[in-house]
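J.: Need a 3D model of the sequence below.
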Amino acid sequence: MKELKKKVLFFILALFLIFGIVLKKDIMKIPYPQKYSDYVEKYSEKYGIDKNLVYAIIKAESNFNPRAVSKKHAKGLMQLMDNTSEWAAINLGYSKYDIYDPKTNIEMGCWYISQLYKEFGDTDLVVIAYNAGPGNLKKWMMSGRYNKGEDTKKIPFKETKNYVVKIKNNKKAYDNIYIRMGEDEK
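T.: Residues are numbered from 1 along each chain as shown. Presented below is the predicted three-dimensional model:
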């Protein structure tokens, strides 16, 4: 009787292992979805940005909630501040816009990231500026409080230190799930 129980238990564990291996990709996609992929892919390509960076930012900023509003009043999927969305709207030719509309928010966010790349040229610096603001990053760099390539532990704002780590982890997860597994599914 004990032998039968052991065999049944072994069989059940083997099934879980097999299903785990087969379904690993699908299971890993649950916490790291590619929602709004039509817009992310279109605008990341248009503005020359790694789409997995955009997904990583959306995941960290709003967890894919298009109606999200932060304590500091950043809005939408990519959590854009009013002054940033107004600047983007002018440059993108929007006379009217809904910041909570996923298409609009993602286009503005991708455009803004492209502007940060033009200014700072480095992904870590872009992510720092996206969170802390480009003005703060410039002040830190001018005063020597933070320089390109330094350890993120030297970032003066604790929130921004944590944000950079979160974005890097999210991006790594997206790269592992959708690139290394040979998939680019919606």
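
J.: which residue is nearest the middle of the protein?
T.: residue 56 (1.6 Å; Cα atoms, centre = their mean).

J.: That one - that's part of a strand, no?
T.: No - looking at residue 56 with DSSP: H, G, I helix; E, B strand; the rest coil, it is helix, so not inside a strand.

J.: Retrieve the pLDDT associated with it.
T.: We have a pLDDT of 98 for residue 56.

J.: And for residue 88?
T.: At residue 88, pLDDT is 98.

J.: so how many other residues sit close to it?
T.: By other Cβ atoms under 10 Å, 22 other residues sit near residue 88. For every residue, glycine as well, the C-beta is placed using N, CA and C.

J.: related to what we said a few turns ago, could you pull up the residues touching the residue nearest to the centre of the chain?
T.: 167-168, 170-171, 173-174 (Cβ atoms under 8 Å, 6 or more residues apart in numbering).

J.: Which ones among these map onto strands?
T.: Residues of the contacts of residue 56 located in strands (DSSP state E): none.

J.: Among those, which one sits closest to residue 139?
T.: residue 167 (21.1 Å; Cβ to Cβ).

J.: got the contact list for residue 129?
T.: 116, 119-120, 136-137.

J.: Going through these, which ones are buried?
T.: 116, 120, 136-137 (16 or more other Cβ atoms under 10 Å).

J.: Which of these sits closest to residue 34?
T.: Distance to residue 34 across those (Cβ to Cβ) is lowest for residue 116, with 22.6 Å.

J.: tell me the pLDDT at that closest one?
T.: Looking at residue 116, the pLDDT reads 98.

J.: coming back round to it: TSV please, covering the contacts of residue 56 and showing pLDDT.
T.: Shown next, in TSV, are these (pLDDT from 0 to 100):
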residue	pLDDT
167	98
168	97
170	98
171	98
173	95
174	96
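
J.: Just the helices from this protein, written as ranges.
T.: 2-29, 37-46, 51-62, 82-92, 102-120, 123-132, 134-143, 158-174 (DSSP state H).
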